[in-house]
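In: Below is the sequence, then the predicted model.
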Protein chains: 6
Amino acid sequence: MPYVNVQILKGNVTREQKAQLVEEITGTLVRVLNKKPEKTHIVIQEIDPDNWGFSGQLTSAYQASDHPVSGN
Amino acid sequence: MPYVNVQILKGNVTREQKAQLVEEITGTLVRVLNKKPEKTHIVIQEIDPDNWGFSGQLTSAYQASDHPVSGN
Amino acid sequence: MPYVNVQILKGNVTREQKAQLVEEITGTLVRVLNKKPEKTHIVIQEIDPDNWGFSGQLTSAYQASDHPVSGN
Amino acid sequence: MPYVNVQILKGNVTREQKAQLVEEITGTLVRVLNKKPEKTHIVIQEIDPDNWGFSGQLTSAYQASDHPVSGN
Amino acid sequence: MPYVNVQILKGNVTREQKAQLVEEITGTLVRVLNKKPEKTHIVIQEIDPDNWGFSGQLTSAYQASDHPVSGN
Amino acid sequence: MPYVNVQILKGNVTREQKAQLVEEITGTLVRVLNKKPEKTHIVIQEIDPDNWGFSGQLTSAYQASDHPVSGN
């Protein structure tokens, strides 16, 4: 019965990437824990950089200062 | 002190339906567990079909293939 | 595809009460939103009163001071 | 490794207020539990008043009836 | 900044399986979304079958009736 | 109506520290967003190091290798 919640920063995530996430994470649960795909739900929530705090500041500020956006 | 989080697929859920969900779930918690309504919070999150994976694929793809939308 | 997370205070919740919660909340989702029971998952998490803060203090302290336990 | 999820009602929350929330909550975790800021993530989710149930009704209805909006 | 919450049924999940879940899901996020491992957190919550409702009943009852435990 | 979920590693967190977390985070929400304490709920979930993945491995393994436990 797995339920998986994935929270990531919003921005440029394509439908194909989401499909890939779902396919691979479901595959992991099937392979490692013998779960059934038809009982596996994965919810992706995309969070605005203004709503994700990291290291004491908003991610939007963290990125703007001196940190590259890629690989966030 | 119940806190309830309800995640459903986005699409055509009316304000009246949400009000009905809140009224009935609160009623259940009051009746079954003797909870107080004024300490019962229910948060509904509507998830885009592109962001809900089921059975290894996005719900949007699952619906488009051969599964009816109703009763999802 | 509903996923429901119910957080309540730990203490004296019986298996029968949990079964009743699941039956009623599932019934609500089927009746109000036409959801399918076999795609409806409900996770109940019981939280220790030392781990639930309300009104600025731990529930365990709140209950010990001047508030009745019932109907929490 | 703290992860903190903050759910509040949507409406008039400024970027400055969010930054203040993140700064203060991170500070609390550092001061009280000796956590490292660079391992502390805080996700803020703003919920529409039509999607937040309280006291058996939607917050949007609760506010419209006889309760002031401020301090919700 | 991914945060992933994995909820599974409690019972016979080994530490090795959990390590495998974490390694593979992190790998997926790195490969598909270019995320950094040192900003990727995965929390696994194991839920008692008495606390997971599926198809209108507790999983513990669902398993006891006529459904095999494996692949739950 | 804030609801706050705090997930931290299990281990040596005292009741006094939890009370301090609740008092300070509630204070922040009152001060920054004008929230009412009697509508503010904070749930603390303590996660076993075997159930928290970070940087591609379980925290229990991460701590055992070459990283100090303090300030995790």
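Out: Now that the structure is in, tell me what you want to look at.

In: does the longest helix anywhere in chain A come close to chain F?
Out: Looking across chain A with DSSP state H, the single longest helix is helix A:15-33. No - shown here: helix A:15-33 not in contact with chain F (CB under 8 Å from any CB of the partner chain), separated by at least 12.1 Å. The C-beta positions use only the backbone N, C-alpha and C, and glycine is treated the same way.

In: which parts of that helix are buried?
Out: A:18-19, A:21-26, A:28-30, A:32-33 (16 or more other CB atoms under 10 Å in any protein chain shown).

In: So, low pLDDT: which residues of chain A?
Out: By pLDDT under 70, the low-scoring segments of chain A are A:66, A:68-72.

In: Return the nearest residue of it with respect to chain D.
Out: A:G53 (3.1 Å; CB to the nearest CB).

In: For that residue, which residues are in contact?
Out: A:T59, D:V4, D:K18, D:L21, D:V22, D:I25, D:T26, D:T40, D:H41, D:I42, D:V43, D:I44 (CB atoms under 8 Å, 6 or more residues apart in numbering or on different chains).

In: where exactly do the helices run in chain A?
Out: Under DSSP H, chain A gives helices at A:15-33, A:59-65.

In: how about the ones you listed in JSON lines, adding distance to chain C?
Out: What follows is these, written out as JSON lines (distance: least, CB to the nearest CB, whole Å):
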{"stretch": "helix A:15-33", "distance to chain C": "13"}
{"stretch": "helix A:59-65", "distance to chain C": "25"}
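
In: Which positions in chain A make contact with chain E?
Out: Within chain A, the residues that sit near chain E (CB under 8 Å from any CB) are A:1-9, A:13, A:17, A:20-21, A:24-25, A:28-29, A:32-36, A:39, A:52, A:54, A:59, A:70-72.

In: follow-up on the earlier one: what's the closest of the helices of chain A to D:S65?
Out: Taking CB to CB, helix A:59-65 is the member of those nearest to D:S65, at 36.7 Å.

In: The closest one and chain D in contact?
Out: Yes - Helix A:59-65 reaches chain D (CB under 8 Å from any CB) through A:S60, A:A61.

In: Return the nearest residue of chain A with respect to chain C.
Out: A:Y3 (5.4 Å).

In: pretty sure that residue is touching C:K39, no?
Out: No - contact criterion CB atoms under 8 Å: A:Y3 and C:K39 do not qualify, at 11.7 Å.

In: ok, back up a step: ok, so of the contacts of A:G53, who is nearest F:Q63?
Out: D:T40 (16.9 Å).

In: got a list of what that closest one touches?
Out: D:T40 sits in contact with A:G53, A:F54, A:S55, A:G56, D:M1, D:P2, D:V4, D:T26, D:L29, D:V30, where contact means CB under 8 Å, 6+ apart.

In: one more time with 10 Å
Out: Residues in contact with D:T40 (CB atoms under 10 Å, 6 or more residues apart in numbering or on different chains) are A:53-56, D:1-4, D:22, D:25-27, D:29-30, D:33, F:8.

In: try A:E38
Out: Applying CB under 10 Å, 6+ apart, the residues near A:E38 are B:F54, B:S55, B:G56, C:E38, C:K39, E:G71.

In: what residues does chain A put near chain B?
Out: A:3-6, A:13-16, A:18-19, A:21-27, A:29-30, A:36-46 (CB under 10 Å from any CB of the partner chain).

In: returning to what we had before: which one of the contacts of A:G53 is nearest E:S65?
Out: Nearest member of the contacts of A:G53 to E:S65, counting by CB to CB, is D:V43, at 38.7 Å.

In: Tell me if I'm right that that closest one and D:V4 touch.
Out: Yes - if you go by CB atoms under 10 Å, D:V43 and D:V4 touch, sitting 7.2 Å apart.

In: Pull up the overlap in contacts between these two.
Out: By CB under 10 Å, 6+ apart, the residues touching both D:V43 and D:V4 are A:G53, D:V22, F:N5.

In: Touching, A:T59 and A:Q7? I think so.
Out: No - with contact defined as CB under 10 Å, A:T59 and A:Q7 do not form a contacting pair (11.9 Å).

In: more crowded one of the two?
Out: Using other CB atoms under 10 Å in any protein chain shown, the more surrounded residue of A:T59 and A:Q7 is A:T59, with 25 against 21.

In: Roughly how far does the more buried one sit from D:N12?
Out: 21 Å (CB to CB, to the nearest Å).

In: List phi and psi for A:K35.
Out: Dihedral angles of A:K35 (phi, psi; degrees, to the nearest 10) stand at phi -80, psi 160.

In: do the same with the one 5 residues further on
Out: In terms of degrees, to the nearest 10, the main-chain angles of A:T40 are phi -110, psi 120.

In: Now do the contacts for the closest residue to chain B within chain A.
Out: The nearest approach of chain A to chain B comes at A:V22, 3.1 Å away (CB to the nearest CB). By CB under 10 Å, 6+ apart, the residues touching A:V22 are A:4, A:6, A:40-44, B:51-59, B:61, E:28.

In: if I look at it, how far off is F:R15?
Out: 41 Å.

In: For chain A, which residues are neighbours of chain D?
Out: Within chain A, the residues that sit near chain D (CB under 10 Å from any CB) are A:5, A:7, A:9, A:45, A:47-48, A:50-61.
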